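Asks: Give me a 3D structure for the following:
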Amino acid sequence: MTKKRTVSPCPSGQETAWGLCYLVFQMLLLPSLLYWINDQLAKPLAESELNFLYYLVNFIAVLLIFHSFLERSLSQLFQHPIDALQAAVLGFVAYYACFHAMDWLIGLLRPGYSNYNDASIAALSRGNYFLMLIGTVVLVPPVEECLYRGLIFRNLYTKSPWASYVISIAAFSCLHILGYIGTYNPADLIIAFAQYLPAGLWLAWSYIKGDTIFVPILIHAAVNYITIRGIL
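Replies: Model prediction:
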């Protein structure tokens, strides 16, 4: 008789409440607050250092808020390591297949287009490559996966799987273009939004498939590493 598997861990009610509050704070206030604090320093941090501080603050906050969720997810990973590895490999391959298809299509529709977020990361990496590598590969994946796959996607999944995919994917894509609204033309922003749809889709799928948030965290870290190596 096959042993029934447990459902992938979901943030608790308290974690969800604090997580939502922090998500709003992170998107609306944290960048401005860090810039203001930096301006008050006798020797302000360089842009790459300030960006790393932003990553670090988010990482610490997410660990404090979601530590119980992460512990439960880690336990789930140890219970089904083969399934988690399989989900990670399938999610990674599916993401890159969709990414390259999207890249090919964008090349046909808008030759010469470049992603603004990638350009920004490349510029920051030239300022301090080590900090950007640690920030994007180690600090960012747990933060974004806990907030967008754990907090948003997993909480909605039990109510409506379709809505959970649509809302979490849209929120994840918006995250990567919000800072450029009003700076670049709408057509390029729409293309940039579309570029992140495959990531949002397959990271969410891999979370459910692997039954632990550590599967999309692993995929996200691998994708970020390949990306930061490729855009330099």
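
Asks: Which pLDDT value belongs to the most centrally placed residue in the chain?
Replies: Centre of the chain computed as the mean C-alpha position; nearest residue by C-alpha atoms, centre = their mean is E144, 3.5 Å away. pLDDT for E144: 98.

Asks: Repeat that for the one 10 residues further on.
Replies: Looking at R154, its pLDDT reads 96.

Asks: Once you drop chain neighbours, what's closest to it?
Replies: Ranked by C-beta to C-beta, 6 or more residues apart in numbering and with sequence neighbours excluded, the top spatial neighbour of R154 is C10, at 4.7 Å. Backbone N, C-alpha and C define where each C-beta goes, glycine included.

Asks: sec struct for that neighbour, please.
Replies: Judged by DSSP: H, G, I helix; E, B strand; the rest coil, the three-state class of C10 is coil.

Asks: isn't it right up against T158?
Replies: Yes: with contact defined as C-beta atoms under 8 Å, C10 reaches T158; the gap is 7.3 Å.

Asks: Provide a list of residues in contact with N224.
Replies: With contacts taken as C-beta atoms under 8 Å, 6 or more residues apart in numbering, N224 has the following neighbours: 136-137, 140-141.

Asks: Just the element for L105, please.
Replies: Element membership for L105, per DSSP states H and E: helix 81-109.

Asks: and the helix or strand that that helix is followed by, which residues are buried?
Replies: The first helix or strand that comes after helix 81-109 along the chain, using DSSP H and E, is helix 116-127. Taking 16 or more other C-beta atoms under 10 Å as the basis for neighbour counts, the residues of helix 116-127 that come out buried are 116-118, 121-122, 124-125.

Asks: Also stretch 22-34?
Replies: 22-23, 26, 30, 34.

Asks: and the two most separated of these?
Replies: By the measure C-beta to C-beta, L23 and L34 form the most distant pair in the buried residues of stretch 22-34, at 16.4 Å.

Asks: that older thread, out of the contacts of N224, list just those in helices.
Replies: Secondary structure from DSSP state H places 140-141 of the contacts of N224 in helices.

Asks: follow-up on the earlier one: which ones among the buried residues of stretch 22-34 lie within helices?
Replies: Under the assignment DSSP H, the buried residues of stretch 22-34 contribute 22-23, 26, 30, 34 to helices.

Asks: With distance to Y184 and pLDDT as added columns, please give those in CSV.
Replies: As requested, those are arranged in CSV below (distance: C-beta to C-beta, whole Å; pLDDT from 0 to 100):
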residue, distance to Y184, pLDDT
Y22, 28, 98
L23, 24, 97
Q26, 22, 95
L30, 22, 96
L34, 23, 97
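
Asks: Let me know the closest of those to G200.
Replies: Out of these, the one with the shortest distance to G200 is L23. That distance is 15.3 Å, counting by C-beta to C-beta.

Asks: Just confirm that closest one contacts N155, I think it does.
Replies: No: the pair L23 and N155 fails to qualify as a contact (C-beta under 8 Å) at a distance of 11.9 Å.

Asks: ok, residues contacting the lowest-mean-pLDDT helix or strand in the chain?
Replies: Sorted by mean pLDDT, DSSP states H and E, the helices and strands of the chain end with helix 116-127, the least confident at a mean of 85. Contacts of helix 116-127 from elsewhere in the structure, counted by C-beta under 8 Å, 6+ apart, are 46-48, 51, 132-133, 136, 176-177, 180, 184, 188, 192, 227-228, 231-232.
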